[in-house]
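*Asks:* Show me the folded form of this:
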Amino acid sequence: EGKGKKRNPLHDFKKTGELMLIKVNKTLEVKTKLLNTTEQCAKRCSRNKGLSFPCKAFAYDRVTKRCHWLSFNSLTNGVRKKQDHAFDLYEKKDYVRNCIIGKGAAYKGTISVTKSGIQCQAWNSMIPHEH
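*Replies:* The predicted structure follows:
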């Protein structure tokens, strides 16, 4: 990226058009606000600005220009997908991709077995290896 150019906050998100997530689990959190652009929604989600939870995704209502920040994504238990022509869903790539970059220190995906199928060691366990 060149000097003076601002990075587009949407680059950190995977977009799925015409999809909204509905929480079945009532403990999952959502916050909404009127905002003019998806870029503004993405920036707030990335920074967790004004949110009481880590933002994993947001849905943007193109009709009402309302942003819905979500404490969950499409892979979270207790969530249902709903086709909705008014919404576009943006999920943080860190939470939905299953690839490891570098040593995997920032990995937040869903893979919990090795390439050979062995269950990964829990982070809170020192057995069979120390971290």
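*Asks:* Just the buried positions in the host helix or strand of Phe87, please.
*Replies:* Using DSSP states H and E, Phe87 sits within strand 79-92. Counting neighbours by 16 or more other CB atoms under 10 Å, one finds that the buried residues in strand 79-92 are Val79, Phe87, Asp88, Leu89, Tyr90, Glu91, Lys92. C-betas here are computed from N, CA, C, even on glycine.
*Asks:* and which of those residues is nearest to His68?
*Replies:* When these are compared for distance to His68 (CB to CB), Phe87 wins out at 8.0 Å.
*Asks:* Quick check, the closest one in contact with Ala59.
*Replies:* Yes. With contact defined as CB atoms under 8 Å, Phe87 reaches Ala59; the gap is 4.8 Å.
*Asks:* can you give me the mean pLDDT across the longest helix seen in the chain?
*Replies:* Secondary structure of the chain read by DSSP state H shows that its longest helix is helix 38-47. The pLDDT scores in helix 38-47 average 96.
*Asks:* ditto for stretch 82-100
*Replies:* Per-residue pLDDT values across stretch 82-100 average out to 88.
*Asks:* Find the residues that touch each one of Phe87 and Ala59.
*Replies:* Taking CB atoms under 8 Å, 6 or more residues apart in numbering as the contact rule, Phe87 and Ala59 both touch Leu19, Met20.
*Asks:* which residues of the chain fall in helices?
*Replies:* 38-47, 93-96.
*Asks:* about what we covered before: list the pairing partners of the strand holding Phe87 within its sheet, with orientation.
*Replies:* Using DSSP bridges, the strands paired with strand 79-92 are strand 13-23 (antiparallel), strand 57-61 (antiparallel).
*Asks:* CSV please, covering those and showing mean pLDDT and distance to Gln121.
*Replies:* CSV is the format used below for the strands paired with strand 79-92 (pLDDT from 0 to 100; distance: least, CB to CB, whole Å):
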stretch, mean pLDDT, distance to Gln121
strand 13-23, 96, 28
strand 57-61, 98, 28
